[in-house]
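Okay, sequence plus prediction incoming.
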Amino acid sequence: MIQNLNKAFENRLRLGIMSLLMVNDEVDFNTAKELLQVTDGNLASHTNSLEKLAYITVIKEFVGKKPKTSYKATAAGRKAFAAHIDALENLLKN
């Protein structure tokens, strides 16, 4: 049913971010940006939204002297995304 869809994943980019994180334990900013073909600001904005919902964790570290930002789906994020996909599949079946 439509009411079971999660508003957080209605956006194409957030759907893409979560899809990447469902099949990879962790994805760094540059890889996500390249795979999703988006700008820095766009990716940062949508990952920030997902982080506020506690669907992803942001990992900031230094590799050598360069900063590196990576993302990881939380258990709550995985559960919410799986429920959203199930709702989409049920919608298509009916």
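Received the coordinates, thanks. Residues are numbered from 1 along each chain as shown.

C-alpha only now, for contacts and for neighbours.
Noted.

ok, for residue 73, nearest residue in space, not its chain neighbours?
residue 56 (4.3 Å; CA to CA, 6 or more residues apart in numbering).

What are the phi and psi values at that neighbour?
Torsion angles at residue 56 (phi, psi; degrees, to the nearest 10) stand at phi -140, psi 160.

my guess is it meets residue 77, correct?
Yes. Counting by CA atoms under 8 Å, residue 56 touches residue 77, with 6.2 Å between them.

what's near enough to touch the residue nearest to residue 73?
Contact analysis of residue 56 by CA atoms under 8 Å, 6 or more residues apart in numbering lists 47, 50, 71-74, 77.

try 6 Å this time
50, 72-74 (CA atoms under 6 Å, 6 or more residues apart in numbering).

number of nearby residues for residue 78?
Using other CA atoms under 10 Å, residue 78 is surrounded by 18 other residues.

circling back: can you list the contacts of residue 56 in CSV and add distance to residue 26, secondary structure and pLDDT?
Below are these laid out as CSV (distance: CA to CA, whole Å; DSSP: H, G, I helix; E, B strand; the rest coil; pLDDT from 0 to 100):
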residue, distance to residue 26, secondary structure, pLDDT
50, 15, helix, 98
72, 5, strand, 98
73, 8, strand, 98
74, 11, coil, 98
